[in-house]
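1. Got a sequence here, can you build the structure:
(chains A and B)
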Amino acid sequence: MEPTDAELIAAVRKGDTACFEPLVRKYSPRLFATVRRYARRESEVEDIVQEIWMRAFQRLDSFRGEAPFEHWLMRLAVRVCYDFLRRHQRNRELTFTDLSPEEHDWLERFGASPEAASADAPAARALVQRLLDQLPPAARLVITLLEIEQRSVKEISKLTGWSVPLVKVRAFRARAQMRKLLAKIAHEKYL
Amino acid sequence: MKSICNRQRPEGVCPNRDGMNLDALYDKLMAAARADHPAQTVPYAFEQRILARLTSSTATDPWLSWAKLLRPAAAVSVGLALVVSSLTVIGLGDNDTSLASLSYGQDFESTLLVAADVLSDSW
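-> Here you go, the predicted model:
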């Protein structure tokens, strides 16, 4: 029978570092998927996941076992991703000329008929990624958690450590910033 | 004369401005992002790399333990130096002991420089 998370954690706390490996093996796929939402380059993704595991190991004593280990780990992951976004904040403004020909075409199709432009198109995914890159760290985090991962405000509050009203304020601002970026692109397109 | 510049557009965001429904565009892009599920692939031997990093960071460095031992020793040395220097300062008031400390100082100097003296004699 495989040892439970609680048993593995207890063993690691006693000094058996090798018991950390099954935890890393079990939760790394989920961590990689989460981190890939915030970082594009694979080298960055790997560094972030590594940082999450190092912090998890160092702070294992703070895990009280009241909630599942996975929840505790995901909270840590979101905070490390937020730190990463803050360190790599992009200041350059997006212009319509920055868009690829495929993204232009997708916008053209959407402009002609919104139903004709598929949400599954790679160009749409690239465009949304480009827009998310333009957002400030807090806005990007809240849009990702709320709109893309479809988490509740309460969940986001737990994950980020922000209060519920703060999450709501940041979500409102983030949506406004996103719409402003879209308006800018649309404005440049039809100017 | 009629201006040839583009007309000033109103500030703010509203649907259908510039011929594009921004709310629908926003919803469509969010749907695109939701449909895009990031891969869960983990690089080869990632667990081993994490374990190697953890064991290397937790392994005891002999120089680190030596430095840890030196720290209290340094504090004791500083304390001893302070005590000795304060005793010397107090002792300067007394002529006899100051003479004694002077002779002690001379003895100490000659002991230290004996090797140099021997060396100069041999030349």
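2. Can you name the next helix or strand after the host helix or strand of A:Pro22?
-> For A:Pro22, the host element (DSSP states H and E) is helix A:20-35. Using DSSP H and E, the helix or strand that follows helix A:20-35 in sequence is helix A:42-58.
3. Check whether the helix or strand following that next one comes near chain B.
-> Next helix or strand after helix A:42-58 toward the C-terminus (DSSP H and E): helix A:69-87. No. Taking Cβ under 8 Å from any Cβ of the partner chain as the criterion, helix A:69-87 and chain B are apart, separated by no less than 12.2 Å. To be clear about C-beta, it is placed using only N, CA and C from the backbone, and glycine gets the same treatment.
4. What's the mean pLDDT across helix A:69-87?
-> Throughout helix A:69-87, pLDDT has a mean value of 95.
5. which other helices and strands contact it?
-> In this structure, helix A:69-87 packs against helix A:5-13, helix A:20-35, helix A:42-58, helix A:137-143, helix A:153-160, with contacts taken as 3 or more Cβ pairs under 8 Å, 6 or more residues apart in numbering or on different chains; DSSP states H and E.
6. got the contact list for it?
-> Defining contact as Cβ atoms under 8 Å, 6 or more residues apart in numbering or on different chains, one finds that helix A:69-87 is touched by A:5-6, A:9, A:23, A:27, A:30-31, A:34-35, A:37-39, A:44, A:48, A:51-52, A:55-56, A:59, A:63, A:137-138, A:140-141, A:145, A:158-161.
7. Please determine how far A:Leu145 is located from A:His187.
-> Distance check for A:Leu145 against A:His187: by Cβ to Cβ, to the nearest Å, it reads 29 Å.
8. Those two: who's more crowded?
-> More neighbours sit around A:Leu145 than around the other of A:Leu145 and A:His187, counting by other Cβ atoms under 10 Å in any protein chain shown; the figures are 21 against 15.
9. residue contacts, that one?
-> Here A:Leu145 is in contact with A:Val78, A:Arg151, A:Glu155, A:Ile156, A:Leu159, A:Thr160 (criterion: Cβ under 8 Å, 6+ apart).
10. Name the nearest of the residues you listed relative to A:Phe172.
-> Nearest to A:Phe172 out of the contacts of A:Leu145 is A:Ile156 (Cβ to Cβ; 13.0 Å).
11. Kindly confirm whether my reading is correct that that closest one touches A:Val142.
-> Yes. A:Ile156 is within contact range of A:Val142, at 6.7 Å (criterion: Cβ atoms under 8 Å).
12. list the residues that contact both of these two?
-> The contact sets of A:Ile156 and A:Val142 overlap at A:Val167, A:Ala171 (Cβ under 8 Å, 6+ apart).
13. Do a quick rundown of the helices in chain B.
-> Secondary structure of chain B by DSSP state H: the helices cover B:22-35, B:46-58, B:62-91, B:95-112, B:114-122.
14. Could I get these in a markdown table, plus columns for mean neighbour count, mean pLDDT and distance to A:Pro114?
-> Shown next, in a markdown table, are those (neighbours: other Cβ atoms under 10 Å in any protein chain shown; pLDDT from 0 to 100; distance: least, Cβ to Cβ, whole Å):
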| stretch | mean neighbour count | mean pLDDT | distance to A:Pro114 |
| --- | --- | --- | --- |
| helix B:22-35 | 19 | 90 | 5 |
| helix B:46-58 | 15 | 86 | 42 |
| helix B:62-91 | 10 | 81 | 64 |
| helix B:95-112 | 11 | 69 | 93 |
| helix B:114-122 | 9 | 68 | 95 |
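15. Any chance of those in JSON lines with distance to chain A as columns?
-> Listed next are the helices of chain B as JSON lines, based on distance: least, Cβ to the nearest Cβ, whole Å:
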{"stretch": "helix B:22-35", "distance to chain A": "4"}
{"stretch": "helix B:46-58", "distance to chain A": "4"}
{"stretch": "helix B:62-91", "distance to chain A": "17"}
{"stretch": "helix B:95-112", "distance to chain A": "50"}
{"stretch": "helix B:114-122", "distance to chain A": "52"}
